[in-house]
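Everything below, folded, please.
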Amino acid sequence: MSTFPWLKGHGTENDFVILPDPDGSVHGALDASVVRFLCDRHAGLGADGVLRVIQGDKQSYVEDGGDWFMDYRNADGSIAEMCGNGIRVFVKYLAEAGLIDGKPVRIGTRAGVKEVAQNDDGTLTADMGEPKLPDAAGIVVDANGHQWTAVHVDMGNPHAVAFVDDLNEPGNLCDQPTWSPADAFPHGVNVEFVVRRGPRDVQMRVHERGAGETRSCGTGTCAVTVAAARQARDERPVTYRVGVPGGEVSVTWRADNHLELTGPAVLHARGEFDRAWLPGI
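Sure thing, here's the model as predicted:
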């Protein structure tokens, strides 16, 4: 096949290239160099990551691939376990392509199977599973010459959540903030900086490992909700409004310890890509 189809979509402006590949035959192992090229905002299509769409029983990455499997790659080509904004965009594509009906759908990820429901108002709600709170006291993150203590929240991928007085304090988040102890996050970490806007209402910025600063991070909004609710001693169930540079989402920490992420998903472009344009491929 000399060409392959692609789409672009975003969830609160966290944007993705979508590669339909139902039986896993079009893109093979999805080479990291291809991902980097597609995500390049100058030479490629431009995105924070790539979502490859595979039927759950046609993938070989995890034991339970769900109804459909979301093979997610960061913009630098590295593999990511989960993406909360990406999974909504993923299901939006499945729905508009007529591949699913209006019922909740099981989406396989490297962080387990997540159920996603389509809402009447056009938003989507993803059951993000249970947060893990590793025993990791004493974590400090450093950015722009400032230091903050941080809370480690694992949402299938690692997060360090730091509360700040002003979201401008961390400076340019295209650069990876550093952390100590150095071995706290051996595979890297997403770092969220958060301010409170009011009761159960927060605003955040994020550096995503493998992507730099992004306009939003779905798993990050869940990690921030957990950290904020624990700090405020909120009882579950509790719902937080979480503002991000690209918009706003709602996160509910349920009584059963699961987190539900509700927000928009948009598809805004599609086309065909000629393999001959891929450099060195």
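
tell me the SS of residue 210?
The three-state assignment at residue 210 reads coil, by DSSP: H, G, I helix; E, B strand; the rest coil.

I'd assumed residue 237 was in contact with residue 255.
Yes - here residue 255 reaches residue 237: they are 5.0 Å apart, a contact under Cβ atoms under 8 Å. Quick note: C-beta positions are derived from backbone N, CA and C, even for glycine.

wouldn't residue 221 be in contact with residue 253 here?
No - counting by Cβ under 8 Å, residue 221 does not reach residue 253; the two are 11.4 Å apart.

Could you check which of those two has the larger neighbour count?
residue 221 (32 against 25; other Cβ atoms under 10 Å).

Okay, and the closest residue to the more buried one other than its chain neighbours sits in which element?
Among residues not flanking residue 221 along the chain, residue 242 sits closest, at 4.2 Å (Cβ to Cβ, 6 or more residues apart in numbering). Here residue 242, judged by DSSP states H and E, is contained in strand 238-244.

so where is the stretch 101-250 of the chain shaky, pLDDT-wise?
Counting by pLDDT under 70, not a single residue of the stretch 101-250 of the chain qualifies.

what about 90?
Along the stretch 101-250 of the chain, the model assigns pLDDT under 90 to residues 134-138, 174-175.

ok, back up a step: which parts of the strand holding residue 242 count as buried, going by neighbours?
238-244 (16 or more other Cβ atoms under 10 Å).

got it, and stretch 178-186?
179, 184-185.

swap in stretch 226-239?
By 16+ other Cβ under 10 Å, the buried positions in stretch 226-239 come out as 226-229, 234, 238-239.

out of the residues you listed, who's nearest residue 102?
Using Cβ to Cβ, residue 239 is the member of these that lies nearest residue 102, at 23.8 Å.

who's in contact with the closest one?
Counting by Cβ atoms under 8 Å, 6 or more residues apart in numbering, residue 239 touches 200, 250-253.

just curious, which of those residues is nearest to residue 58?
residue 251 (31.7 Å).

Can you get me a residue count around that closest one?
Close neighbours of residue 251, defined as other Cβ under 10 Å, add up to 27.

how near is it to residue 146?
Counting by Cβ to Cβ, to the nearest Å, the gap from residue 251 to residue 146 is 26 Å.

so is residue 167 in a helix, a strand, or just coil?
coil.

That one and residue 206 touch, don't they?
No - with contact taken as Cβ under 8 Å, residue 167 and residue 206 are classed as non-touching, separated by 10.6 Å.

before we move on, the earlier item: tell me which two of the buried residues of stretch 226-239 sit farthest apart.
Greatest spacing in the buried residues of stretch 226-239, by Cβ to Cβ: 227 and 239 (15.2 Å).
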